[in-house]
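# From the sequence below, what's the structure:
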Amino acid sequence: MKNFNIIALSILALAVIGLYVMHFSSKGECAESVDDANTKDSLAILPEDSLIVKKDTAYPIAYVNVGKLQESLQTYDFYKKWNEKLLQKEAKSTKELKSAQQKLATELEVFQQKYQSGGFLTKESFEQEQNRLYSKNQELQQLQLRLEQDFANEQLKLTKQLMDTIDTFFKSYNQDRKYKMIINSADLLYADEALDITSDVLSQLNDRYSKKK
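Now for the predicted structure:
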């Protein structure tokens, strides 16, 4: 009888364990089914436009190699004219300053010769001529500063004109091309060379300036 009770209890325990396993297994399968259904429902209500990236979506961007652009500016007609104007301004200022320096040098030489030969009859006449030459030297220094400032202002003005021309150009340039972004290649770590529009930009800049001229 005792052995019978032990066997009966063992069978009962195994039956309970079996029911327990079946219960939670079926519950897990139900949960998975519910999760799958919820996931499918969630995906169903998400529109395609909500995806962050689409492989077939093209975002039109381009870049300009500014270093190459600066090196190639010598082929840009406006830049040639701009540089030529600066050189003319510099040459004119240099000529004016050199002429004033030579004139003062000649007067100083005459003053020295006159002093050595005793040409000044009085101390007052000597000091008067000395003061005049000193004032002319001060005027020469002021002339040099003015010419340098005028040249710097001209350079700044022409540089601003150049930048305004380029800024205006890109707005017009992009009307037909419809780029979302045109960036400086100096800020890039990597970009496909097919996105490089530097040569086209230089060509269009020259055409634009030629038409205006």
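
# Identify the residue spatially nearest to the one residue sitting closest to the centre of the chain, adjacent ones excluded.
What sits nearest the mean C-alpha location of the chain, by C-alpha atoms, centre = their mean, is residue 184, with 5.4 Å. Using C-beta to C-beta, 6 or more residues apart in numbering and skipping residues adjacent in sequence, the residue nearest residue 184 is residue 66, 5.1 Å away. Heads up, the C-betas are built off the backbone N, CA and C, glycines and all.

# Also residue 101?
Residue 101 sits nearest to residue 140 (C-beta to C-beta, 6+ apart), 6.5 Å away.

# after whichever strand or helix holds the one you found, next one along is what?
Using DSSP states H and E, residue 140 sits in helix 123-177. The first helix or strand that comes after helix 123-177 along the chain, using DSSP H and E, is strand 181-184.

# mind listing what that following strand pairs with, with the direction of each?
Strand 181-184 sits in its sheet next to strand 61-64 (parallel), going by DSSP bridges.

# Buried residues in the strand it pairs with, which are they?
Neighbour-count burial for strand 61-64 flags 62-64 (criterion: 16 or more other C-beta atoms under 10 Å).

# pLDDT below threshold where in this structure?
1-57, 212-213 (pLDDT under 70).

# care to break it down by domain?
The chain breaks down by automatic domain parsing into domains covering 2-49, 61-212.

# returning to what we had before: pipe the buried residues of strand 61-64 into JSON lines and attach distance to residue 106 per row.
Converted to JSON lines, the buried residues of strand 61-64 look like this (distance: C-beta to C-beta, whole Å):
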{"residue": "62", "distance to residue 106": "61"}
{"residue": "63", "distance to residue 106": "59"}
{"residue": "64", "distance to residue 106": "54"}
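
# if I look at residue 151, how far off is residue 96?
11 Å (C-beta to C-beta, to the nearest Å).

# which residues does the residue nearest to residue 184 contact?
Applying C-beta atoms under 8 Å, 6 or more residues apart in numbering, we find residue 66 in contact with 184-186.

# ok so, going back, which strands and helices lie in contact with the helix holding residue 140?
Judged by 3 or more C-beta pairs under 8 Å, 6 or more residues apart in numbering; DSSP states H and E, the packing partners of helix 123-177 are helix 77-116, helix 198-212.

# Looking at the ones you listed, spot the one closest to residue 162.
Evaluated over the helices and strands packed on helix 123-177, closeness to residue 162 peaks at helix 77-116, with 5.9 Å, by C-beta to C-beta.

# Can you check what angle separates the closest one from helix 198-212?
In terms of direction (axes from the mean of the first three to the mean of the last three C-alpha atoms, to 10 degrees), helix 77-116 departs from helix 198-212 by 70 degrees.

# Now do the buried residues in helix 77-116.
Neighbour counts over helix 77-116 (16+ other C-beta under 10 Å) mark 78-79, 82, 89, 93, 97, 100, 111 as buried.

# so it versus helix 123-177, what angle?
Orientation of helix 77-116 against helix 123-177 (the same axes, to 10 degrees) gives an angle of 180 degrees.

# In three-state terms, label residue 121 for me.
Here residue 121 is recorded as coil under DSSP: H, G, I helix; E, B strand; the rest coil.

# Also residue 58?
coil.

# for it, what are its contacts?
By C-beta under 8 Å, 6+ apart, the contact set of residue 58 is empty.

# how far out from the middle of the chain is stretch 124-140?
Put simply, stretch 124-140 sits 53 Å off its chain's centre (C-alpha atoms, centre = their mean, to the nearest Å).
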